[in-house]
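S.K.: Take this sequence and fold it.
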Amino acid sequence: MMKKEDFKMSITVDAGAQRVFEAINNVRGWWSQNIEGPTAALHDEFIYHYQDVHRCRIRIETMETDRKVVWRVLENYFKFTQDEREWTNSSIIFDIVEDVGTTTLHFIHRGLNSQMECYKVCHDAWTYYIADSLRQLILTGMGQPTPKEEIALDAMEENRIPHDPGTKSIYHRLLIETPVETVYKALTTAEGLAGWWTPDTKAKPEIGAILRFGFGPSYFKNMEVISLKPYSRVEWRCVKAFEEWIGTTLTFELEPQQKGCMLLFHHDGWTNYSAEFASCSFDWALFFRSLKFFCEKGKGFPYPEFNV
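M.R.: Okay, here's the model as predicted:
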């Protein structure tokens with residue numbers, strides 16, 4: 001019988017044990033700003049939630065200064081698994097080992113193993129939050145936690161443009177087998193967009209920002225960011241491109257799935273089913289293949305390689 005291996009990973013940083021310990025306990029700074037309750041003392045209890053997809057109640061059971069932190073999951077709910085309680089009674093362990101000039105953090109989620117339905121999603125999410133967000137919080141003082149949902153929702157509603165039912169739309173839907181955080185980053189950062197759409201990218205993840213995408217020496221598309229709902233929705237309005245593109249809106253909707261992230265894309269506002277409409281729909285399919293490879297394997301097929 002195959003042994004059930006708990007999820008574990010380690011990171012080493014150029015920082016002291018005290019800084020690592022303090023960062024771990026700043027849970028809102030690296031995991032989620034949607035944490036309710038205290039997170040920094042022994043026996044503290046807090047609630048984590050991600051939209052209506054995941055909710056859990058956690059108690060801090062061990063707190064050894066600069067050495068170890070252990071959380072116990074008291075209650076858990078998953079929307080996407082048959083057993084909604086899969087994390088319940090599991091332990092989340094942070095072991096801190098200081099060396100000369102560096103500190104290694106050994107992370108173990110005891111009770112999370114590959115035979116569980118949630119494992120793929122949780123494996124990828126923990127990898128992102130520990131290896132990327134928590135590491136950045138330790139080294140720079142700024143992690144990449146899930147932002148507070150109320151702020152994201154308000155920003156989205158204030159900037160939404162109503163869709164004209166008399167126009168035409170391009171639709172694409174595909175599963176990307178990585179966490180929604182990875183896909184969102186690929187859709188909002190200059191590095192991410194350059195990795196799957198075009199290397200000639202100038203972008204920043206801010207509402208109102210104008211993104212510039214170059215396709216050859218003399219053709220550029222400019223997009224205004226009109227909506228950002230972190231890890232859930234990105235929306236642009238085209239302000240410069242071929243005439244048929246101008247005024248159209250491009251929306252990327254992300255939904256967590258058992259195997260990763262479902263992307264629903266719609267490019268709205270086309271006046272008719274033209275040759276450019278057909279060509280654009282085909283090109284988007286190729287570029288989303290590039291996005292999938294970029295997120296899953298680390299290398300996409302941006303312009304001009306996308307149709308090779």
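S.K.: Give me the neighbour count for His106.
M.R.: By other CB atoms under 10 Å, the residues close to His106 number 14. Where C-beta positions appear, they are placed from N, C-alpha and C, glycine not excepted.
S.K.: Is it in contact with Asp6, as I believe?
M.R.: No - between His106 and Asp6 there is no contact under CB atoms under 8 Å: 11.7 Å.
S.K.: what's the longest helix in the protein?
M.R.: Using DSSP state H to define each element, the chain has its longest helix at helix 275-297.
S.K.: That helix - contacts with which helices or strands?
M.R.: strand 168-176, helix 180-188, helix 190-196, strand 260-270 (3 or more CB pairs under 8 Å, 6 or more residues apart in numbering; DSSP states H and E).
S.K.: Quick check: the gap between Phe215 and Pro256.
M.R.: Using CB to CB, to the nearest Å, Phe215 is found at 32 Å from Pro256.
S.K.: And the two? Which one has more around it.
M.R.: Using other CB under 10 Å as the criterion, Phe215 and Pro256 rank with Pro256 on top: 22 against 14.
S.K.: List the residues that contact that one.
M.R.: For Pro256, the contact set (CB atoms under 8 Å, 6 or more residues apart in numbering) comprises 50, 53-54, 80, 121, 179-180, 262.
S.K.: is it true that it lies in a helix?
M.R.: No - under DSSP: H, G, I helix; E, B strand; the rest coil, Pro256 sits outside any helix and is assigned strand.
S.K.: residues near Ala203, how many?
M.R.: Look at Ala203: counted by other CB under 10 Å, it has 22 neighbours.
S.K.: next one: Thr104
M.R.: Residue neighbour count, defined by other CB under 10 Å, stands at 15 for Thr104.
S.K.: For it, give the beta-bridge partners.
M.R.: Thr104 has these beta-bridge partners by DSSP bridges: Thr12, Val97.
S.K.: close enough to count as contact, it and Ser10?
M.R.: Yes - with contacts counted by CB under 8 Å, Thr104 reaches Ser10, the gap being 5.8 Å.
S.K.: ok, and for stretch 52-63, which residues are buried?
M.R.: Using 16 or more other CB atoms under 10 Å as the test for burial, stretch 52-63 gives 54-58, 60, 63.
S.K.: hmm, back to that, could you give the angle of the longest helix of the chain to helix 180-188?
M.R.: When axes from the mean of the first three to the mean of the last three CA atoms, to 10 degrees is applied, the directions of helix 275-297 and helix 180-188 differ by 140 degrees.
S.K.: Go ahead and name everything in contact with helix 275-297.
M.R.: By CB under 8 Å, 6+ apart, helix 275-297 touches 168, 170, 172, 174, 176-178, 182-183, 186-187, 192, 195-197, 242, 244-245, 261, 263, 265, 267, 270, 299-302, 305-307.
S.K.: what's the spacing between it and its chain's center?
M.R.: With CA atoms, centre = their mean, to the nearest Å as the basis, helix 275-297 stands 20 Å off its chain's centre.
S.K.: Three-state assignment for the residue lying closest to Ile58 once chain neighbours are set aside, please.
M.R.: Closest residue to Ile58 apart from its sequence neighbours, by CB to CB, 6 or more residues apart in numbering: Trp71 at 4.8 Å. Here Trp71 is strand, with the state taken from three-state DSSP.
S.K.: how far does stretch 124-144 stretch from start to finish?
M.R.: End-to-end distance of stretch 124-144 (CA to CA, to the nearest Å): 15 Å.
S.K.: scratch that, stretch 50-68 is what I was asking about
M.R.: For stretch 50-68, the first-to-last residue distance is 26 Å (CA to CA).
S.K.: again, but for stretch 121-141
M.R.: One end of stretch 121-141 sits 27 Å from the other (CA to CA).
S.K.: Could you do stretch 211-220 as well?
M.R.: For stretch 211-220, the first and last residues are 10 Å from each other (CA to CA).
S.K.: Which stretches in the protein count as strands?
M.R.: Along the chain, counting by DSSP state E, strands occupy 6-13, 45-50, 54-64, 68-78, 91-98, 103-113, 168-176, 201-202, 210-214, 220-229, 233-240, 249-257, 260-270.
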